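Trainee: My questions concern the predicted model and sequence given below.
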Amino acid sequence: MTAGMYVHVPFCLTRCGYCDFNAYAGLGHLAGRYVDALRHEAELWAPSWTGERFVSIFVGGGTPTTLDASALSGLLDAIRSRFEVAPDAEVTVEANPDTVDEAKHTALLASGVTRLSMGAQSFDPTVLVSLERVHSPESVRRAYSAARAAGFSNVNLDLIYGANGETLESWRRTLEETISLGPEHISAYALTIEPTAPLGRKVAAGLAPPPDPDLQADMFELACELLGAAGYAHYEVSNWARAGFECLHNLGYWQRRPYLGLGAGAHSFRGERRWWNVRPPDRYLAEVEAGRLPVGGEERLTPDQERFEQVFLRLRTFRGVPTTRDAAELVEAGLLVRSNGHLVPTERGMLVLNELVLALTA
């Protein structure tokens, strides 16, 4: 059976206000120990994953490109030596524009990285300030050009819409500039307010406004319109791609293929079991350096939970769910369409995904 692997690197230059990921600024001094621990954790897991063929590796964070290219290369070599990794596996590394240049891109390509995912977020300086991003639009352009000059032929740009101060016209300009660069893949996420993130605390205290859901809906529809017209297929709620450039790793999540997570706070899934590593980097290091698997918790899905999850994940993509239930009202409302024996969400339906899932699992 094919599987995916996620490798978490928790280090960042700064911590963005909206971010609720397991990421930390100011811990760069732990980088060497942390990479060693990732290699050791891979060694600890390898025996129990014999027989699984890994078709994707995704190095995320945090900002993996805060690490030296040689450290990332050595880590990927260690993973390949311990697991059955397909020769043509998709290998993605996330990058912050301010942490890469042509030399680093070239080194990443030489280490077997096949796909670069760059956090652009916006081409509006005001929006970047609102998001507390430290890079500028010019940094994105420069880093993107450097990736192309190095030879990357599969690049994703991440965008976020709905930040304080962003207008529909500003979002249009960001989309148009992204399209003009010509990445193979574009991810566009609605800004969400996480209560534990700094921005979430500001919103709760009345110091910052929450995103306007009606405006975000308009922004989503504009993305669907412009990206579709530019030839990008909308294959998942927040993802668009040129033909043949869909993210194999992320599709594995939606298809419920097994995946192994390495690193602080990383999640894994196999069969009916889902588990996750301890989140604090110091605890993660202590567990792995003591020769223990750093598992912090687990859950086993009940049949009802598994059924709900299958419907939810399949409706995130245009694969849809088998037509095994009455959905005439949802079809008539323009939220679902029937296609090849499946109920498939329309782009309008994706705006009310949770309601669709509840209707189809009731």
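Mentor: Looks like it came in fine. Numbers count the residues shown, from 1 in each chain.
Trainee: which residues does the nearest residue to residue 84 once chain neighbours are set aside contact?
Mentor: Once flanking residues are discounted, residue 84 sits nearest to residue 53: 5.0 Å by C-beta to C-beta, 6 or more residues apart in numbering. Bear in mind the C-beta positions are built from the backbone N, C-alpha and C, glycine included. By C-beta atoms under 8 Å, 6 or more residues apart in numbering, the contact set of residue 53 is 1, 2, 3, 84, 85, 86.
Trainee: Pick the one among those closest to residue 198.
Mentor: Set against residue 198, the nearest of the contacts of residue 53 by C-beta to C-beta is residue 3 (35.1 Å).
Trainee: from what I can see that closest one touches residue 52, true?
Mentor: Yes: applying C-beta atoms under 8 Å, one finds residue 3 in contact with residue 52, separated by 4.4 Å.
Trainee: and the end-to-end length of stretch 143-159?
Mentor: 15 Å (C-alpha to C-alpha, to the nearest Å).
Trainee: Could you check that stretch and say which residues are buried?
Mentor: For stretch 143-159, burial by neighbour count (16 or more other C-beta atoms under 10 Å) applies to 143-144, 146-148, 150, 152, 154-159.
Trainee: Check which helix or strand residue 87 maps to.
Mentor: strand 84-95 (DSSP states H and E).
Trainee: Quick one: list the elements packing against that strand.
Mentor: strand 53-61, helix 69-82, strand 115-121, helix 248-254 (3 or more C-beta pairs under 8 Å, 6 or more residues apart in numbering; DSSP states H and E).
Trainee: The following helix or strand past it relative to strand 53-61, how many degrees between them?
Mentor: Following strand 84-95 in sequence order, the next helix or strand is helix 102-110 (DSSP H and E). If you take axes from the mean of the first three to the mean of the last three C-alpha atoms, to 10 degrees, helix 102-110 sits at 160 degrees to strand 53-61.
Trainee: where's the residue nearest the centre of the chain relative to residue 268, distance?
Mentor: Nearest to the mean C-alpha position of the chain, counting by C-alpha atoms, centre = their mean, stands residue 250 at 7.1 Å. From residue 250 over to residue 268 the distance is 16 Å, taken as C-beta to C-beta, to the nearest Å.
Trainee: Equivalent analysis for residue 280, please.
Mentor: 18 Å.
Trainee: Flag the shaky bits of this protein, pLDDT-wise.
Mentor: 1, 17, 324 (pLDDT under 70).
Trainee: Using the record, which stretches count as separate domains in it?
Mentor: Using automatic domain parsing, the domain ranges for the chain come out as 2-254, 302-362.
Trainee: Could you identify which of the ones you listed is most buried?
Mentor: Comparing the domains of the chain by mean neighbour count (mean count of other C-beta atoms under 10 Å), domain 2-254 ranks first with a mean of 19.
Trainee: roughly how far is that domain from the heart of the chain?
Mentor: 6 Å (C-alpha atoms, centre = their mean, to the nearest Å).
Trainee: Next: stretch 260-271.
Mentor: So, by C-alpha atoms, centre = their mean, the centroid of stretch 260-271 is 14 Å from its chain's centroid.
Trainee: From one end of that stretch to the other, what's the distance?
Mentor: Across stretch 260-271, first to last residue, C-alpha to C-alpha, it's 12 Å.
Trainee: got the contact list for it?
Mentor: In contact with stretch 260-271 (C-beta under 8 Å, 6+ apart) are residues 3-10, 22, 34, 38, 41-42, 45, 49, 54, 256, 258-259, 274-281, 283-284, 294, 296.
Trainee: Not counting sequence-adjacent ones, nearest residue to residue 308?
Mentor: Looking at residue 308 with C-beta to C-beta, 6+ apart, the closest residue is residue 361, at 5.2 Å.
Trainee: nope, residue 166 is what I meant
Mentor: residue 127 (4.8 Å).
Trainee: Now the element after the helix or strand hosting that neighbour, going C-ward?
Mentor: Secondary structure from DSSP H and E places residue 127 in helix 125-130. For helix 125-130, the succeeding helix or strand toward the C-terminus, using DSSP H and E, is helix 137-150.
Trainee: Name the residues that touch that next one?
Mentor: Contacts for helix 137-150 (C-beta under 8 Å, 6+ apart): 95, 97-98, 100-102, 105-106, 108-109, 116, 118, 120, 122-125, 128, 155, 157, 177, 181, 183.
Trainee: Now do the helices in this protein.
Mentor: For the chain, applying DSSP state H gives helices covering 31-45, 69-82, 102-110, 125-130, 137-150, 168-181, 198-204, 213-229, 248-254, 281-289, 303-315, 328-332, 347-350, 353-361.
Trainee: Would you tell me which of the ones you listed gets closest to residue 189?
Mentor: helix 213-229 (10.0 Å).
Trainee: Using PDB, write down the CA coordinates of that closest one.
Mentor: What follows is helix 213-229, C-alpha atoms only, in PDB (Å, rounded to 0.1, in the frame of the first residue of the first chain):
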ATOM      1  CA  PRO A 213     -17.300  35.900   6.300                       C
ATOM      2  CA  ASP A 214     -19.400  37.500   3.500                       C
ATOM      3  CA  LEU A 215     -16.200  39.200   2.100                       C
ATOM      4  CA  GLN A 216     -14.300  36.000   2.400                       C
ATOM      5  CA  ALA A 217     -17.000  34.200   0.500                       C
ATOM      6  CA  ASP A 218     -16.700  36.800  -2.300                       C
ATOM      7  CA  MET A 219     -13.000  36.400  -2.200                       C
ATOM      8  CA  PHE A 220     -13.300  32.600  -2.600                       C
ATOM      9  CA  GLU A 221     -15.700  33.000  -5.500                       C
ATOM     10  CA  LEU A 222     -13.200  35.500  -7.100                       C
ATOM     11  CA  ALA A 223     -10.400  33.000  -6.700                       C
ATOM     12  CA  CYS A 224     -12.600  30.300  -8.400                       C
ATOM     13  CA  GLU A 225     -13.300  32.600 -11.200                       C
ATOM     14  CA  LEU A 226      -9.800  34.000 -11.900                       C
ATOM     15  CA  LEU A 227      -7.900  30.800 -11.300                       C
ATOM     16  CA  GLY A 228     -10.300  28.700 -13.400                       C
ATOM     17  CA  ALA A 229     -10.100  31.200 -16.300                       C
END
